[in-house]
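S.K.: From the sequence below, what's the structure:
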Amino acid sequence: MRMQFWRDSLEKVFAGVPPQQPVALALAYAIQEQALYQEHQLKQTQDGSAEDSEMSLIWFKRMITEREQNLSDPQFMTISQMETYCENTFGSLLYLQLESVGVKSLEADHAASHLAKAMGIATMLRAFPFHMQQNRMVIPAEITAKHNLSQEALFRNPTITPALQDSTLEVATAAHVHLATAQSYMDSLPKAALPVLMAGIPTESYLSRLEQADFNPLAPNIHQREWYLPAKLWYRWRQGKLLEIK
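M.R.: As a prediction, the model looks like this:
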């Protein structure tokens, strides 16, 4: 029912008659502002043409559909399924943000796609202790089977084991590879895309802390927030180099 509510609300928002609900009203306002921005850009172009930068309804619908399919919290069978979920949720949000700042770039889309997969995987690993309390396993089944990680034993007693470390390492490595791939596009991105893709910086920091904790997703210190994160974001943006993946 909640998902259908948002489907109906989005149709009304894009039709210009948003329901009297705070998020829907804020979204309608953002779309209106984007339309005004697009009109201003159109007037600034010499040839009188401008690319459509309206926030696409398709990305909102894709997020809802993916969330709906995952409502029962089934375990991902493969890392590929996990990446698809991240692409359809985190990725859709990044694509919307790129559109909202008027960025139409194939390189930016590729960077956002890989960044979304890294962000989604890291977010699930970061929430590992919470998922343990709910008896949910976020590590794909193919990886738990490969490393003989017993879910039942872990649910009964959430403690670090070599099997859990090896499984976490494999999942974190997939996220790291996506971050490195996203970094390869950074030099060819329009500057307007950088504020959007800065969302990958906290993911880089988390994966680094996870590595320092020997890939223990239950370690309490890896969940601490960086007090200097705002300064890091500002510095990376000034340098135009968002990621420092080795």
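S.K.: helix, strand or coil for Thr144?
M.R.: Classification of Thr144 using DSSP: H, G, I helix; E, B strand; the rest coil returns helix.
S.K.: whoops, I mixed them up, Glu170
M.R.: helix.
S.K.: For Phe90, see how far away it is.
M.R.: Using Cβ to Cβ, to the nearest Å, Glu170 is found at 20 Å from Phe90. C-beta here means a position set from N, CA and C on the backbone, and glycine is covered the same way.
S.K.: Please apply the same query to Ile245.
M.R.: Here Ile245 is placed at a distance of 18 Å from Phe90 (Cβ to Cβ).
S.K.: Between the two, which has more neighbouring residues?
M.R.: Phe90 (25 against 17; other Cβ atoms under 10 Å).
S.K.: Can you list the low-confidence ranges for the protein?
M.R.: 35-55, 73 (pLDDT under 70).
S.K.: if you go through the chain in chain order, where are the helices?
M.R.: For the chain, helices defined by DSSP state H occupy the ranges 2-14, 22-44, 57-69, 79-86, 92-100, 106-126, 128-133, 141-146, 151-156, 162-183, 194-197, 200-212, 229-239.
S.K.: list the contacts for Ala231?
M.R.: The neighbourhood of Ala231, defined by Cβ atoms under 8 Å, 6 or more residues apart in numbering, contains no residues.
S.K.: my bad, Leu149
M.R.: 139, 143, 161, 163-164, 166-167.
S.K.: Residue nearest the middle of the chain, spatially speaking?
M.R.: In the chain, the centroid-proximal residue (Cα atoms, centre = their mean) is Phe90; its distance is 3.1 Å.
S.K.: Hmm, Ala116 and it touching each other?
M.R.: Yes - Phe90 lies in contact with Ala116 (Cβ atoms under 8 Å); the separation is 3.9 Å.
S.K.: what's the overlap in contacts for these two?
M.R.: When contacts are counted by Cβ under 8 Å, 6+ apart, Phe90 and Ala116 have no shared neighbour.
S.K.: Show the contacting residues for Ala174.
M.R.: Applying Cβ under 8 Å, 6+ apart to Ala174 gives the contacts 79, 83, 117, 121.
S.K.: Quick check: the farthest pair among those?
M.R.: Ile79 and Lys117 (9.7 Å; Cβ to Cβ).
S.K.: higher neighbour count, those two?
M.R.: Neighbours were counted for Ile79 and for Lys117 using other Cβ under 10 Å; Lys117 has more, 26 against 19.
S.K.: which residues touch the more buried one?
M.R.: Shown in contact with Lys117 (Cβ under 8 Å, 6+ apart): 83, 86-87, 90-91, 174-175, 178.
S.K.: Same question for Ala118.
M.R.: Contacts of Ala118 (Cβ under 8 Å, 6+ apart): 86, 175-176, 178-179, 182, 200, 203, 207.
S.K.: related to what we said a few turns ago, distance to Tyr235 for the contacts of Leu149 - can I get that in JSON lines?
M.R.: JSON lines is the format used below for those (distance: Cβ to Cβ, whole Å):
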{"residue": "Ile139", "distance to Tyr235": "34"}
{"residue": "Ile143", "distance to Tyr235": "35"}
{"residue": "Thr161", "distance to Tyr235": "38"}
{"residue": "Ala163", "distance to Tyr235": "39"}
{"residue": "Leu164", "distance to Tyr235": "35"}
{"residue": "Asp166", "distance to Tyr235": "35"}
{"residue": "Ser167", "distance to Tyr235": "34"}
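S.K.: From those, list the buried ones, please.
M.R.: Neighbour counting with 16 or more other Cβ atoms under 10 Å marks 139, 143, 161, 163-164, 167 as buried within these.
S.K.: Noted, bye for now.
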